[in-house]
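Undergrad: Fold the following.
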Amino acid sequence: MAATPQNPDASAPRRKVSRHRGEGQWAVGHFTPLNGNEQVKKDDDGLNVRTRIETIYSKRGFDSIDPSDLRGRMRWWGLYTQRKPGIDGGKTAILEPEELDDEYFMMRVRIDGGALTTQQLRVIGEISQEFARGTADITDRQNVQYHWIRVEDVPEIWERLEAVGLSTVTACGDTPRVMIGSPVAGIAEDEIIDGTPALEEMKRRVLNNKAYSNLPRKFKTAISGSPLLDVVHEINDVAFVGVRHPEHGPGFDVWVGGGLSTNPKLGVRLGAWVPVDEVADVYEGVLSIFRDYGYRRLRTRARLKFLVADWGAEKFRQVLEDEYLGRKLVDGPAPEQPVQQWRDHIGVHRQKDGRFYVGFAPRVGRVDGTTLTKIADLAEAHGSGQVRTTVEQKMIVLDVEEDQVDSLVEALEALDLSARPSPFRRGTMACTGIEYCKLAIVETKQRGSQLIDELERRIPDFDEPITINLNGCPNACARIQVADIGLKGQLVLDKDGNQVEGYQVHLGGALGLEPGFGRKVRGLKVTAEELPDYVERVLRRFQAEREDGERFAAWAARAAEEALS
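TA: Sure thing, here's the model as predicted:
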């Protein structure tokens, strides 16, 4: 009998017949949900969960929450369940979500551009004290993050935040997340252009807008007119960077496709110059490309960076111009390299109006509600009532008269908030870690704070810019790949063969001056207990071997592996 596709002969070679399902791109007709997350979003828009939280879950309690809302749509309103206490890092990837879930939430308050009034900051602090057991971490995307939030309290928290112009909307989820901006926008002496009008227009167009509430995954935005390149533009989905066009004057250079996590990619320039009043148009265009052409089949490929990598900058710009803007963009120059390595605005700096701003450093972004209300008091007493958060988990008080600077600095020091921090206090960041995060494997915040103390004690004369970023898992929320010393949490074996908390080490990553990812030394893993010894050893070798003016990242790139071990 002749072989047929329906009844192949046993002697004939078998050929697997498969039908390509595409990447789940809406723009090419792939609308069928291809994973559980896409089905949840198709079943109901994430923005709609607010009504259920207010009318059902907050009244009936945690056990009444539908699982698709609990581990899905509630993120559209800035809510994640936090990690149940007592679960060690070895169980993170083994337990089911419901086994990791505590009956409390992390809540993220979005602070676009890092801009806060003291009234807003005081409300954030009061909510922390009343509903979050005092927690209020400053994140590296300028947000404030609470823990220990009960679903019963969420409606009142929203009411208080919204009364002062704050929100948790799309602070998480497959949405346009917080839009980070220069914390000194509009006041810095050296600013190329103020991006605040563009940021406000972007917010007006997309927040709470169901046209953009179902994206393939999260979408991160940055805009800054500072020559310091102070918003880590290279690792955002879209970024607008201040430049001066030789013919058209100040405007923005457009970058797309940056991101870290387990598959890091630096953003690429589109080569386009955009005036401030057209930024929102371009932003909506890029966001719409991601919505329509982004990959939805696999969550691991559902970020814009994968589409940009496949298309390239030239095709991306062409699609943006032809299908979404309906006009060509003006070619423009690249941003100039910043002249200094620190981009965090720490210290005392003159504003363009003659007053000063004062940047100060909490420890690894960890503050509390009481401290935040005290900062609000200080900003009112010494400034105009304006404060900012930064992308390095730091804060700034604006509009300080010259005769008030010293007293403000002293008052901040009394709160352990230094405006003259050591390089270690200034340059160390940490993610949430195993204390609250369900993805984490190791502790980070306390370990980062302890590391600061140890390094200040051991190497008091170290005065070079250095970034030390601790992350509790491989997802790189603390930007480990672009730190001088990046520490990725994992379980490792100690000298006795016991499994303990530790870190894989990345060395020599950087943004701004010469952006690139840090190198990994083969087999190099450090236990948490050994961490201070290791970092001290590497920094002393850097001090001994560096050439005049050489940065740590440049030294780490050329150093022998034994010098980095």
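Undergrad: What does the closest residue to Asp137 other than its chain neighbours show for phi and psi?
TA: Leaving aside its sequence neighbours, Asp137 sits nearest to Gln145 (CB to CB, 6 or more residues apart in numbering; 4.6 Å). (C-beta placed from N, C-alpha, C; glycine too.) With angles defined as degrees, to the nearest 10, Gln145 sits at phi -120, psi 120.
Undergrad: Show me the beta-bridge partners of Gln145.
TA: Counting by DSSP bridges, Gln145 is bridged to Arg108, Asp137.
Undergrad: thought it was touching Glu435?
TA: No - under the criterion of CB atoms under 8 Å, Gln145 is not in contact with Glu435, lying 11.8 Å apart.
Undergrad: can you give me the helices in the stretch 451-565 of the chain?
TA: 531-545, 552-558, 561-564 (DSSP state H, counting those that start in this stretch).
Undergrad: do the same with the stretch 51-200 of the chain
TA: Under DSSP H, counting those that start in this stretch, the stretch 51-200 of the chain gives helices at 58-60, 67-70, 97-100, 118-131, 154-163, 196-206.
Undergrad: Rebuild those as a markdown table, extending it with distance to Gly369.
TA: Below are the helices of the stretch 51-200 of the chain laid out as a markdown table (distance: least, CB to CB, whole Å):
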| stretch | distance to Gly369 |
| --- | --- |
| helix 58-60 | 21 |
| helix 67-70 | 26 |
| helix 97-100 | 26 |
| helix 118-131 | 3 |
| helix 154-163 | 12 |
| helix 196-206 | 26 |
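Undergrad: Just name the most buried of those.
TA: Among these, judged by mean count of other CB atoms under 10 Å, the one packed with the most neighbours on average is helix 118-131 (a mean of 21).
Undergrad: I'd like the distance from stretch 362-371 to the chain centre, please.
TA: On the basis of CA atoms, centre = their mean, to the nearest Å, stretch 362-371 is displaced by 18 Å from the centre of the chain it belongs to.
Undergrad: what's the distance between the residue nearest to Asp137 and Gly173?
TA: Using CB to CB, to the nearest Å, Gln145 is found at 15 Å from Gly173.
Undergrad: the more surrounded of these two?
TA: Gly173 (26 against 21; other CB atoms under 10 Å).
Undergrad: one step back: for the helices of the stretch 51-200 of the chain, which has the smallest mean pLDDT value?
TA: Note on the helices of the stretch 51-200 of the chain: lowest mean pLDDT is at helix 97-100, with a mean of 90.
Undergrad: Now do the residue most central in space within the chain, the pLDDT please.
TA: Centroid check for the chain by CA atoms, centre = their mean gives Arg141 as the closest residue, at 4.3 Å. Confidence at Arg141, expressed as pLDDT, is 97.
Undergrad: Report how many residues lie close to the nearest residue to Leu215 once chain neighbours are set aside.
TA: Distances taken as CB to CB, 6+ apart put Asp174 closest to Leu215, at 4.7 Å, once the chain neighbours are dropped. Asp174 has 26 neighbours, counted by other CB under 10 Å.
Undergrad: How about Ala222?
TA: Burial of Ala222 is recorded as 30 neighbouring residues (other CB under 10 Å).
Undergrad: list the contacts for it?
TA: For Ala222, the contact set (CB atoms under 8 Å, 6 or more residues apart in numbering) comprises 179-181, 231-233, 236, 238-240.
Undergrad: Where does it sit, in terms of helix or strand?
TA: strand 219-224 (DSSP states H and E).
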